[in-house]
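Visitor: Predicted model follows, preceded by the sequence.
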Protein chains: 2
Amino acid sequence: MTNIRKVAEMAGVSVATVSRTLKSPDIVSPGTREKVLSAVEQAGYRPNLMAVQFRSQKTRNLVVLVPTIANTFFARVISGIQDAASQHGYAVLLCNTLGDELAERDYAEMVTNRQADGVIQLRAFNPFEEAAAHPPIMVNACEVMDDAPCPRVYLDNRAAARVMTEHLLELGHRRIGMIKGPRQSPLTRDRVQGFRDALAAANIELDESLLCPGDFTLESGYRAAIALVEARERPTAIFCENDEMAIGAIQCIKEQGLRVPDDISVAGFDDIAFARYCDPPLTTISQPAEDFGHEAVALLLGLMDGGVQRDARRVMPFKLVTRDSTGQVPS
Amino acid sequence: MTNIRKVAEMAGVSVATVSRTLKSPDIVSPGTREKVLSAVEQAGYRPNLMAVQFRSQKTRNLVVLVPTIANTFFARVISGIQDAASQHGYAVLLCNTLGDELAERDYAEMVTNRQADGVIQLRAFNPFEEAAAHPPIMVNACEVMDDAPCPRVYLDNRAAARVMTEHLLELGHRRIGMIKGPRQSPLTRDRVQGFRDALAAANIELDESLLCPGDFTLESGYRAAIALVEARERPTAIFCENDEMAIGAIQCIKEQGLRVPDDISVAGFDDIAFARYCDPPLTTISQPAEDFGHEAVALLLGLMDGGVQRDARRVMPFKLVTRDSTGQVPS
DNA sequence: CTGAAAGCGCTAACAC
DNA sequence: GTGTTAGCGCTTTCAG
């Protein structure tokens, strides 16, 4: 393994000079620089990053904890994280945790163990020991803890859900079902709350039986829709907490011989790529997924260099995207 | 920063004993072990992995080069890679390269730089210098190079495409269009070849104008379908080289007022989760995506410890999944 | 502008 | 069973 000492010998200088030439070429004399660089070239020398990291106590690695990479929304967030990270010279250690808290703790420990400099957690769970001596070097994004001990990047889910519900109300819907996300998720709670807000503001009483559990997968949307379609008094619209469930629901509704939106309107959340290409194209809330990633990285780097406080937060914008899956209430 | 020396002092032993206690507890005496462990506990000591890695010249990191994480098929492959990797104590450095060769080279260099122990490349491109002194520690999976200087994991794409084409022929289709993947991809070439094989075996001449370019995105499937639907002599079936394009194509066909499969049959490739939930559910080729990841990791670890040769290859199984998007040719 | 040398935290000979 | 010590490759004082 060709190391800095060998290069130093070849160039007839000290290892310090080689190091300096590579790090700050301008502080060595042109003659020396040339000698060193040509030795580096000739030896095919590549600094051993492991040693550099060890010496400098910086890994330039970021750990990203993602509940499931198979969700296309998260895939976009990760794209954004990686973009921003590599722009700043950081690599991304990806951990598809599937919500396994043990796995999340293990991976978070990579920071404690100095295999990584910081963590971006995309789920509402603190993977660090509560009573840790040092506050965690972490940013919580997308699905955030209410009491996160770190900067957060999130959407005002309550407001977004309210906007979508208002859209349905404007179309004349009065009996609206909802397919929720996982019970423990703050996302679910906030979106349900926004849904309730809008109904309350319109003086409509919510039939609690129209709140169906789901888990953000296509399958769960499909299953929940069965219950709603077969309800004694069928809703005229269904608001799904993400697009995957909405697509599952639409498929189910059509298989039951009903039409979307003529018989039932369906709305989603996220605006994934498939939303535009399902039948009918899906009305949904679009979120700047990649920007979540960019912001999370910016906050994390800021946290590491002290420019960002633990209580920092970024609320990302959303937009109602109306397509053809929602329409006037049937008369 | 609490290090091994501090723990040694606290326990009243040498650093070597602390190291031994942590690595092979059974070779130290029970009394010493207890002293050390309680000192570790009390100090909240965590070994500095950076130092361990540096010392042992092993990072236990794997770099994964993925063309685009937004593709749900790749997302599953990555899941599989991560599973297998963490089972063997390796972390995954994910690189969403978007096919940027410069980025791929940069990331591959993490191995040269000893930030990672090996690379899994999911695209048909060699990110290492051709004339490198040492052969690359890499496994090529999914989209493989014909002359990869490393183990490969792949599907027999030609055979799979032939099987799908035969399915369409059996349904009576004689005029079949194809929406291809990116021109440079060996996947595209092999699938087109399998398509040609099947037609040739059935004595059907292929109208080259029915071979449409695409790039594996929903959008490109949609666009390509426009051309096929408007062709002077419309095909009765379209074979798409992945499910995303098939879903885009179906949407386009329906918007043109045609029915799937009554007017045009559509087939995909990959069997992503959405394939089951589109309308109509998609006939496609299913691939064991996660297993690609598992196998790739197994080969890479084998390559590193010498148990696997550079010319190793694993051909993964596929299965024709017939759903409702393909049907009898219209009379 | 350059060299000598210390030392980051850990492991593994080697000696006892 | 345990301690002493060298050294992984690099950066960075500190002298010159």
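Guide: Received the coordinates, thanks. Numbering: from 1, shown residues only, chains lettered A, B, ... in the order given.
Visitor: Tell me which helix or strand the closest residue to residue A:279 other than its chain neighbours sits in.
Guide: For residue A:279, the nearest residue in space outside its immediate sequence neighbours is residue B:279; the separation is 5.2 Å by C-beta to C-beta, 6 or more residues apart in numbering or on different chains. Bear in mind the C-beta positions are built from the backbone N, C-alpha and C, glycine included. If you go by DSSP states H and E, residue B:279 is not part of any helix or strand.
Visitor: State the distance from residue B:279 to DNA strand C.
Guide: Between residue B:279 and DNA strand C the distance, using C-beta to the nearest atom of the strand, to the nearest Å, works out to 57 Å.
Visitor: Next, count neighbours for that residue.
Guide: Residue B:279 is surrounded by 21 other residues when neighbours are defined as other C-beta atoms under 10 Å in any protein chain shown.
Visitor: and if you look at residue A:288?
Guide: Going by other C-beta under 10 Å, the residues that sit close to residue A:288 add up to 18.
Visitor: List the residues that contact it.
Guide: A:316, A:317 (C-beta atoms under 8 Å, 6 or more residues apart in numbering or on different chains).
Visitor: ok, back up a step: doesn't residue A:254 make contact with the residue nearest to residue A:279?
Guide: Yes - using C-beta atoms under 8 Å as the test, residue B:279 is close enough to residue A:254 to be in contact (5.9 Å).
Visitor: what separates the residue in the stretch 201-331 of chain A that DNA strand D sits nearest to from DNA strand C, distance-wise?
Guide: Minimum separation of the stretch 201-331 of chain A from DNA strand D (C-beta to the nearest atom of the strand) falls at residue A:305, amounting to 15.5 Å. To DNA strand C, residue A:305 is 20 Å away according to C-beta to the nearest atom of the strand.
Visitor: quick check, residue A:158 in a helix?
Guide: Yes - counting by DSSP: H, G, I helix; E, B strand; the rest coil, residue A:158 is part of a helix.
Visitor: per-residue pLDDT, it?
Guide: According to the model's per-residue confidence, residue A:158 sits at a pLDDT of 98.
Visitor: count of residues packed around it?
Guide: The burial count for residue A:158: 18, using other C-beta under 10 Å.
Visitor: element containing the residue nearest to it when sequence neighbours are not counted?
Guide: Taking C-beta to C-beta, 6+ apart as the measure, residue A:158 lies nearest to residue A:194, with 4.0 Å between them; neighbours along the chain are not counted. Per DSSP H and E, residue A:194 falls inside helix A:186-201.
Visitor: any idea of the mean pLDDT for that helix?
Guide: Averaging pLDDT along helix A:186-201 gives 97.
Visitor: which is the next helix or strand following it?
Guide: strand A:211-212.
Visitor: Low-confidence ranges, chain A, go.
Guide: Regions of chain A meeting the criterion pLDDT under 70 cover residues A:131-133.
Visitor: So which bits of it are right by DNA strand D?
Guide: Of all the residues in chain A, those in contact range of DNA strand D (C-beta under 7 Å from any atom of the strand) are A:1, A:3-5, A:15-16, A:19-20, A:22-23, A:47-48, A:51-52, A:54-56.
Visitor: same for the strand or helix carrying residue A:250, what does it pack against?
Guide: Assigned by DSSP H and E, residue A:250 falls within helix A:243-255. Using 3 or more C-beta pairs under 8 Å, 6 or more residues apart in numbering or on different chains; DSSP states H and E as the contact criterion, the neighbours of helix A:243-255 among helices and strands are strand A:176-179, helix A:218-229, strand A:237-240, strand A:265-267.
Visitor: For it, buried residues please.
Guide: Buried residues in helix A:243-255, defined by neighbour count with 16 or more other C-beta atoms under 10 Å in any protein chain shown: A:243, A:244, A:245, A:246, A:247, A:248, A:249, A:250, A:251, A:252, A:253, A:254.
Visitor: Going along the chain, name the strands of chain A.
Guide: Applying DSSP state E to chain A gives strands spanning A:61-66, A:91-96, A:118-121, A:138-141, A:152-155, A:176-179, A:211-212, A:237-240, A:265-267, A:284-286, A:313-316, A:319-321.
Visitor: What is the fifth one packed up against?
Guide: Other helices and strands packing on strand A:152-155, by 3+ C-beta pairs under 8 Å, 6+ apart, are strand A:138-141, helix A:289-305, strand A:313-316.
Visitor: and of those, who's closest to residue B:102?
Guide: Between residue B:102 and those, the tightest spacing by C-beta to C-beta is seen for helix A:289-305, at 20.3 Å.
Visitor: Excluding chain neighbours, what is closest to the closest residue to DNA strand D within the stretch 101-250 of chain A?
Guide: Nearest residue of the stretch 101-250 of chain A to DNA strand D, counting by C-beta to the nearest atom of the strand: residue A:114, 13.8 Å away. Setting aside the residues directly before and after it, residue A:114 is nearest to residue B:50 in space (C-beta to C-beta, 6+ apart), at 4.7 Å.
Visitor: and the one you found, how many neighbours?
Guide: For residue B:50, the count of nearby residues is 22 (other C-beta under 10 Å).
Visitor: Test my guess that it contacts residue A:52.
Guide: No - between residue B:50 and residue A:52 no contact is recorded; they are 10.1 Å apart, counting by C-beta under 8 Å.
Visitor: circling back to that earlier point, redo the helices and strands packed on strand A:152-155 as CSV? Include mean neighbour count and distance to residue B:154.
Guide: Supplementary listing: the helices and strands packed on strand A:152-155 in CSV, determined by neighbours: other C-beta atoms under 10 Å in any protein chain shown; distance: least, C-beta to C-beta, whole Å:
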stretch, mean neighbour count, distance to residue B:154
strand A:138-141, 28, 35
helix A:289-305, 21, 31
strand A:313-316, 15, 40
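Visitor: Dump these to CSV, plus distance to residue B:175.
Guide: Written out in CSV, the entries for these read as follows (distance: least, C-beta to C-beta, whole Å):
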stretch, distance to residue B:175
strand A:138-141, 50
helix A:289-305, 41
strand A:313-316, 49
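Visitor: The ones you listed: which one's closest to residue B:164?
Guide: Between residue B:164 and the helices and strands packed on strand A:152-155, the shortest gap by C-beta to C-beta is with helix A:289-305, which sits at 32.8 Å.
Visitor: What parts of chain A come near DNA strand C?
Guide: So far as C-beta under 7 Å from any atom of the strand goes, chain A lies against DNA strand C at A:12-17, A:20, A:27-29, A:31-32, A:54-55, A:57.
Visitor: Between which two of those is the distance greatest?
Guide: For the residues of chain A next to DNA strand C, the maximum inter-member distance is 33.6 Å, found between A:31 and A:57 (C-beta to C-beta).
Visitor: Tell me which of these two has more neighbours.
Guide: Each of residue A:31 and residue A:57 has its neighbours counted (other C-beta under 10 Å); residue A:57 has more, 12 against 8.
Visitor: Next up, phi/psi of the more buried one, please.
Guide: Comment: the main-chain dihedrals of residue A:57 come out as phi 60, psi 30, following degrees, to the nearest 10.
Visitor: thought it was touching residue B:49?
Guide: No - counting by C-beta under 8 Å, no contact exists between residue A:57 and residue B:49, whose distance comes to 11.8 Å.
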